[in-house]
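**Q** the following comprises the amino acid sequence and a computationally predicted model.
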Amino acid sequence: MLKKGPEALDYAVMPLESLWWMDEAGGFSLENKDEWKWTAMLMQPIFVTREHFVKAVEAVRKKNDPPGLEKVRLESFEEGLAAQIMHIGPYAAEAPTIEKIHKFIADNGYRLRGKHHEIYLSDPRRTPPEKIKTVIRQPIAVPAS
């Protein structure tokens, strides 16, 4: 909306990101993908206001009113200290990369905290599966002494 129209601001659309988690105690299990919950995110430029957001949602509602539109929200997100690693390959093959970062976190005296975070740098419609790039990020904390 802001790239067109009277304001016509030029900015890059940021990559899709997602947070993944499970309600079970014990955190994020790679074996039970059917139980994963998620939130999709798109970082917005600092100049996007609540008013811009409301206008955009209303425009989408008038045009085609997709299911789930009422769940869309504009909010701040601050993750804090995190470890991250680049995964190259299909999404279904992320498990060894996730295990590697979890081992790195534990080996360096940290513990997992928060939700598993992925940043999708490639468009899977245009990129061969073996070349898809995904940043795997895990918030971390120092264990209580």
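**A** Everything's here; your move.
**Q** how about the helices in the protein?
**A** Using DSSP state H, the helices assigned to the chain run over residues 50-63, 95-107.
**Q** tell me which of these is the most buried.
**A** Ranked by mean neighbour count under mean count of other Cβ atoms under 10 Å, the helices of the chain are led by helix 95-107, which reaches a mean of 14. (Each C-beta comes from the backbone N, C-alpha and C, glycine too.)
**Q** make JSON lines out of the helices of the chain and add mean pLDDT.
**A** Converted to JSON lines, the helices of the chain look like this (pLDDT from 0 to 100):
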{"stretch": "helix 50-63", "mean pLDDT": "94"}
{"stretch": "helix 95-107", "mean pLDDT": "96"}
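**Q** for W21, find the nearest of those.
**A** Checking the helices of the chain against W21 by Cβ to Cβ gives helix 95-107 as the closest, at 13.2 Å.
**Q** packing partners of that closest one?
**A** strand 82-88, strand 111-112, strand 133-141 (3 or more Cβ pairs under 8 Å, 6 or more residues apart in numbering; DSSP states H and E).
**Q** if we can go back for a sec, mind putting the helices of the chain into TSV with distance to K131?
**A** TSV is the format used below for the helices of the chain (distance: least, Cβ to Cβ, whole Å):
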stretch	distance to K131
helix 50-63	32
helix 95-107	15
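**Q** distance to E94 added to the helices and strands packed on helix 95-107, as a markdown table?
**A** Formatted as a markdown table, the helices and strands packed on helix 95-107 follow (distance: least, Cβ to Cβ, whole Å):
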| stretch | distance to E94 |
| --- | --- |
| strand 82-88 | 5 |
| strand 111-112 | 16 |
| strand 133-141 | 7 |
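**Q** no further questions, thank you.
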